[in-house]
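[1] when you get a sec, could you give me coordinates for this:
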Amino acid sequence: MKKYYTLITFLAVILSSTACTSTISHVVESSEPDNTLLVYEDGRMEFNSRFINEDEVVIYNDGRGGERAAIKVRVPIHSDFYRDSIVVVRVADQFDESVADGHHDAVITDNIN
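    Numbers count the residues shown, from 1 in each chain. Coordinates of the predicted model:
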């Protein structure tokens, strides 16, 4: 009977140790978006794939030749506050084009019957 208790204890220790190592090895990177405010040439501002009003953004120099921003955050229970130290990236030469703009080459076909 003592053999069975030691065998069961041994198996329990092995199973618990392999379960812990398997969960630790499968750590996934965080998919949290980066803190970057995109400012387009036409004045639109995008933060975390959302466009925001320019009235809710304060852009300032960071003292190292770049720009940082503070974005107004609204929380229902608390008073509004500004989220600070967001990196500003100015996007140039990016235009919204649609298929109907007429910039595409026309296909010329000669139908000879």
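[2] quick one: low-confidence parts of this structure?
    Residue ranges of the chain with pLDDT under 70: 1-5, 11, 13, 15-33, 94-113.
[3] enumerate the helices of it by residue range, in sequence order.
    Counting by DSSP state H, the chain has helices at residues 2-25.
[4] which strand in it has the most residues?
    Determined from DSSP state E, the single longest strand within the chain is strand 81-91.
[5] so what touches it?
    Residues from elsewhere that reach strand 81-91, judged by Cβ atoms under 8 Å, 6 or more residues apart in numbering: 35-41, 47, 58-59, 66-73, 75. Using the backbone N, CA and C atoms, a C-beta is placed for each residue, glycine as well.
[6] which of those fall within strands?
    Counted as lying in strands by DSSP E, out of the contacts of strand 81-91, are 36-40, 47, 58-59, 67-73.
[7] in ChimeraX, select just the buried ones from the contacts of strand 81-91.
    Listed next is the ChimeraX selection for buried residues among the contacts of strand 81-91, using 16 or more other Cβ atoms under 10 Å:
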select :37,38,39,47,59,67,68,69,70,71
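[8] which members of the ones in strands among the contacts of strand 81-91 are the farthest-apart pair?
    Pairwise distances across the ones in strands among the contacts of strand 81-91 (Cβ to Cβ) peak at 21.8 Å, for the pair Tyr40 and Val73.
[9] list the buried ones in the longest strand of the chain?
    Buried, per 16+ other Cβ under 10 Å, within strand 81-91: 86, 88.
[10] partner strands of it, parallel or antiparallel?
    Partners of strand 81-91 in the sheet, by DSSP bridges, are strand 36-40 (parallel), strand 67-73 (antiparallel).
[11] what residues are up against Val73?
    80-83.
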